[in-house]
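**Student:** got a predicted model here, sequence first, then my questions.
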Amino acid sequence: MTMTTTTEPIAIELVRTSFFTRWPCTVCGGCTEKVGILAEAQDEHGTIRVCEICLEKGGIDERLEERAGDLESQAGLIRKLIGRLKAPTFAEWMTAERNHEVESFMDIDDLSREEAEAKVHPDYPRGPVEMLPCNHSSDTELPF
């Protein structure tokens, strides 16, 4: 991502939304509540959003500086993990998640394993995973 060198002010506007979800805040790294009005702007990198907590607390520049420091610190910690994580495969996770769902049906509904298997959708958990709104690709540019 190319960083902008412009220092021109960016006007954050109050924008109505009909999609009630928690949106990421560029300033603090948290998220909004499920609100109908968002404070946001567009620049060459995408959407810049300020949550209602940051608006309430004020000190936007100080909060941005704090977040930048946190991200720099996190980057160093993440780099120390490279080559060290021995994670399960996605298939192993899917199997464990599906087994958990089946066992939940067995416990809650007092079903046999076969009956519980029949209640779990054949594509579970693939369906819900594909519906998540995030993309974990390292090629994805962040919207701030």
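**Tutor:** Noted; the coordinates are in hand.

**Student:** what's the first helix or strand after the strand ranked longest in the chain?
**Tutor:** Longest strand of the chain, by residue count under DSSP state E: strand 37-43. Proceeding N to C from strand 37-43, the next assigned helix or strand is strand 46-50, under DSSP states H and E.

**Student:** identify all contacting residues around the helix or strand harbouring residue 69.
**Tutor:** Secondary structure assignment for residue 69, by DSSP H and E: helix 60-79. With contacts defined as CB atoms under 8 Å, 6 or more residues apart in numbering, helix 60-79 is touched by 27, 28, 29, 50, 54, 57. Heads up, the C-betas are built off the backbone N, CA and C, glycines and all.

**Student:** pLDDT weak spots in the protein?
**Tutor:** Within the chain, the segments meeting pLDDT under 70 span 1-5, 121-144.

**Student:** what segments of it are helices?
**Tutor:** Ranges of helices within the chain are 52-57, 60-79, 90-109, 113-119, 126-131, based on DSSP state H.

**Student:** those helices: which one's closest to residue 33?
**Tutor:** helix 52-57 (6.6 Å; CB to CB).

**Student:** what is the closest one packed up against?
**Tutor:** Judged by 3 or more CB pairs under 8 Å, 6 or more residues apart in numbering; DSSP states H and E, helix 52-57 is in contact with helix 60-79.

**Student:** any buried residues in the helix it packs on, and which?
**Tutor:** Using 16 or more other CB atoms under 10 Å as the test for burial, helix 60-79 gives 63, 64, 67.

**Student:** for stretch 39-59, same thing?
**Tutor:** For stretch 39-59, the neighbour count (16+ other CB under 10 Å) marks 39, 40, 48, 49, 50, 51, 54 as buried.

**Student:** ok, stretch 8-16 next?
**Tutor:** Buried-residue list, stretch 8-16, by 16+ other CB under 10 Å: residue 12.
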